[in-house]
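>>> need the 3D shape of this:
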Amino acid sequence: MNLLFLNPAGSPGGAERALLDVMASLAAARPGWRLGLIAAADGVLVEEARAMGVDAAVVKFPRAVSLLGDAAAGGPAGDHTNPLAVAGRVAAAAPAIASYTRALRRAIAERAPDAIHTNGFKMHVLGAWAAPRATPLIWHLHDYVRARPMMSRLLRAHAGRTAAIIANSHSVADDARRLFGGRANVLAVHNAVDLERFSPAGHALDLDRLAGLPPLGEGGVRVGLMATLARWKGHRTFLRALADLPAHSPVRGYVIGGPLYETAGSQHALEDLRGYAGALGLDGRAGFTGFVADAPAALRALDIVVHASTEPEPFGLVIAEAMACGKPVIASAAGGAGELFADGSEALSHKPGDAAELARAIARLAADRALRLRLGAAAAAAARHRFTRARLAAELIPIYERAVGAKRTRPAA
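Model (predicted):
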C-alpha cells in the first residue's frame, strides 16, 4: 500500500509526536508498505520521519495560511469568539489558500497514493480540496471539532468526503459524531508511545541548569508541567498551585516547553509566564526551561508530573509518556485524559482550572515518597499494556485496508 500523510506543522507538538508513532508502528508491522509525508513546514517531524524511512517532503504554508485558525476566536485555545475577525483573515488569505491548494494537489499527484491520512484541521480541509476524488481520505482528529467555530463548519461540510475519521479518544469521537451525524464513520483509536524512549531507565536532564536556577537541595521535590505554551494547557493554574504551597515546601516547579504554533492568539509568550510567576512570588521556586528536545530525559528528571489543561483534554499524550517513564502523574480530569488511567491507583486527578485542588495533590505526593513510588510503578505497568505501537498498528491497518478495498471494489460511475 502507498499511504501518504499530510501535516500542517514541522515541529513536534503532541499531534506530530502521535503521527511519528503512527508511521513507526506501520513501518514495523507492514514493512512492505510505502509511507510518505508532506508537511507544511520543515523541522524535527520531517527529519525523524526521514530517519525511519518515510519519503518526507515539505510544501510550505504561505504566512497567511500559517496564521489562520480558531485559536483567537474561541475553542480550547482561546476564550473570545470573534467571527468577524476570523472571516476577515480568511478573506485576506484566500489567494494564498488557493495557491497552496494547487501546490498540494501537484505534490499529491506526484506520489499517487492509495490513501491519504491527514493530521490537523487545516490539512483535513486542504486535503479534501487537493486530493483526487477517487483517493480515500482519512482524517485523524486530535482535538474537539465542535469547540472550533470556523473549523467545525468547514469540516462538517467536507466530512462526507472521508472514508473514515480516526479520533484519538472516545471523548473526541463522541464530539465528532455529534457534529457529523451520519456523514462519516468515526472510530476511536488511542495514541501509542515509543516505549523504548519513554521508559523509567535512562538519562535525566539537569532541569535546574536549563532553567538557570541553583541546584535543588537534598530532599527537594521536582514538579513539572511539560506542554506547548497553548493557553488552555494550564500554565497559570500550575503556577498558582505552586504559589499556594507553603513557603517552606520542598517543591520546586518547572515549566518545560516553548511556543510551537503560529496561529494568532493561540499561546502564551514565555516572558509573560515568567512575569506572572514573579508576580506570584515564585522567584527561585519555579523555573522555565524553554523547549526541550529530549522529552523522556526531562520527564525522568521530575519527581511528579503535572497535567493541568483547563479545557477537556482530547488525549493527553504527556500523561501516557510520563506513565511510561514510571512517574506519578496528577492529571486534569476532563475529556480523553480520564480514559488513560485508573484514578487513585495509576495516577491522581484534579478538577480542571482548580489551582487549590492541584496544590493539595502536589503537597500530598511531595510528602509521601512511598505513594509516589506506588503510583509510578502502576503507571509504568499500565503504559506497557495500553500504549504499545503494536496495538496501534493492529487497530489502524484494518481502517486503511477497508478504505482502499472499498475504492477498488466500487463500481464505475
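
>>> the nearest residue to residue 141 once chain neighbours are set aside and residue 186, how far apart?
Excluding its sequence neighbours, the residue lying closest to residue 141 (CB to CB, 6 or more residues apart in numbering) is residue 167, at 4.7 Å. Quick note: C-beta positions are derived from backbone N, CA and C, even for glycine. Look at residue 167 and residue 186: by CB to CB, to the nearest Å, they are 6 Å apart.

>>> joint contacts of the two?
Taking CB atoms under 8 Å, 6 or more residues apart in numbering as the criterion, residue 167 and residue 186 both touch 173, 176.

>>> more neighbours: the two, which one.
More neighbours surround residue 167 than the other of residue 167 and residue 186, with 27 against 22 (other CB atoms under 10 Å).

>>> leaving out chain neighbours, which residue sits closest to residue 380?
Spatially, and ignoring its direct neighbours in sequence, residue 380 is nearest to residue 326 (3.9 Å; CB to CB, 6+ apart).

>>> from the chain's centre, how far out does stretch 153-167 sit?
Offset of stretch 153-167 from its chain centre (CA atoms, centre = their mean, to the nearest Å): 20 Å.

>>> check stretch 44-64 too.
Chain-centre distance of stretch 44-64: 17 Å, with CA atoms, centre = their mean.

>>> same check, this time on stretch 323-341
Relative to its chain's centre, stretch 323-341 lies at 14 Å (CA atoms, centre = their mean).

>>> then stretch 321-338?
In this view, stretch 321-338 has its centroid 13 Å away from the chain centroid, taken as CA atoms, centre = their mean.

>>> the helix or strand containing residue 4 pairs with which strands?
Applying DSSP states H and E as the criterion places residue 4 in strand 2-7. Neighbouring strands of strand 2-7 in its sheet, by DSSP bridges, are strand 34-39 (parallel), strand 115-119 (parallel).

>>> contacts only, for residue 168.
Contacts of residue 168 by CB under 8 Å, 6+ apart are 18, 140, 141, 142, 188, 189, 190, 191, 314, 315, 336.

>>> from the residues you listed, which single one is nearest residue 179?
Nearest to residue 179, judged by CB to CB, of those is residue 141 at 10.4 Å.

>>> tell me how far that closest one lies from residue 305.
Distance, residue 141 to residue 305, using CB to CB: 25 Å.

>>> who's in contact with the residue nearest to residue 141?
Residues near residue 167 by CB under 8 Å, 6+ apart: 141, 173, 175, 176, 186, 187, 188, 189.

>>> tell me the mean pLDDT for stretch 207-225?
The average pLDDT within stretch 207-225 is 96.

>>> need the contact partners of it.
By CB under 8 Å, 6+ apart, the surrounding residues in contact with stretch 207-225 are 233-235, 238, 242, 250-257, 284, 287-290, 292, 298-299, 301-308, 362, 365-366.

>>> just those residues: which are in helices?
Among the contacts of stretch 207-225, the members found in helices (DSSP state H) are 235, 238, 242, 298, 299, 362, 365, 366.

>>> ok, and the closest non-adjacent residue to the fourth one?
So the one you mean is residue 298. Among residues not flanking residue 298 along the chain, residue 292 sits closest, at 4.7 Å (CB to CB, 6+ apart).

>>> what does residue 195 give?
residue 324 (5.7 Å).

>>> now the ones in helices among the contacts of stretch 207-225 in TSV, with neighbour count?
Formatted as TSV, these follow (neighbours: other CB atoms under 10 Å):
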residue	neighbour count
235	26
238	28
242	27
298	23
299	27
362	25
365	22
366	20
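
>>> so which of the residues you listed comes closest to residue 67?
For the ones in helices among the contacts of stretch 207-225, the residue nearest residue 67 by CB to CB is residue 235; the value is 22.3 Å.

>>> which non-adjacent residue is nearest the closest one?
Excluding the flanking residues, the one nearest residue 235 by CB to CB, 6+ apart is residue 273, at 5.5 Å.

>>> where in the stretch 101-250 of the chain is pLDDT low?
Low-confidence segments of the stretch 101-250 of the chain, defined by pLDDT under 70: none present.

>>> show me which positions of the strand or helix carrying residue 174 end up buried.
In this structure, residue 174 is located in helix 170-180 according to DSSP H and E. The neighbour-count check on helix 170-180 (16 or more other CB atoms under 10 Å) flags 171, 172, 173, 175, 176, 177, 179, 180 as buried.

>>> quick check: domain ranges of this protein?
Domain segmentation of the chain under automatic domain parsing yields 2-192+388-409, 207-386.

>>> returning to what we had before: my guess is the residue nearest to residue 298 contacts residue 256. True?
Yes. Residue 292 is within contact range of residue 256, at 5.5 Å (criterion: CB atoms under 8 Å).

>>> one step back: run through the bridge partners of the residue nearest to residue 141.
Note on residue 167: beta-bridge partners by DSSP bridges are residue 141, residue 188.

>>> how about the strands in the stretch 51-200 of the chain?
Listed in chain order, the strands of the stretch 51-200 of the chain (DSSP state E, counting those that start in this stretch) span 55-58, 115-119, 137-141, 164-167, 186-188.

>>> nearest to residue 68, out of the strands paired with strand 2-7?
Residue 68 lies closest to strand 115-119 among the strands paired with strand 2-7, at 15.8 Å (CB to CB).

>>> so what touches that closest one?
If you take CB under 8 Å, 6+ apart as the criterion, strand 115-119 is touched by 1-8, 15-16, 18-19, 22, 108, 124, 126-127, 131, 135-140, 142, 163, 400, 403-404, 407.

>>> so how far is it from its chain's centroid?
For strand 115-119, the distance to the chain centre is 17 Å (CA atoms, centre = their mean).

>>> so the biggest helix by length in the chain versus strand 2-7, what angle?
Secondary structure of the chain per DSSP H: the longest helix is helix 83-111. Interaxial angle, helix 83-111 versus strand 2-7 (axes from the mean of the first three to the mean of the last three CA atoms, to 10 degrees): 150 degrees.
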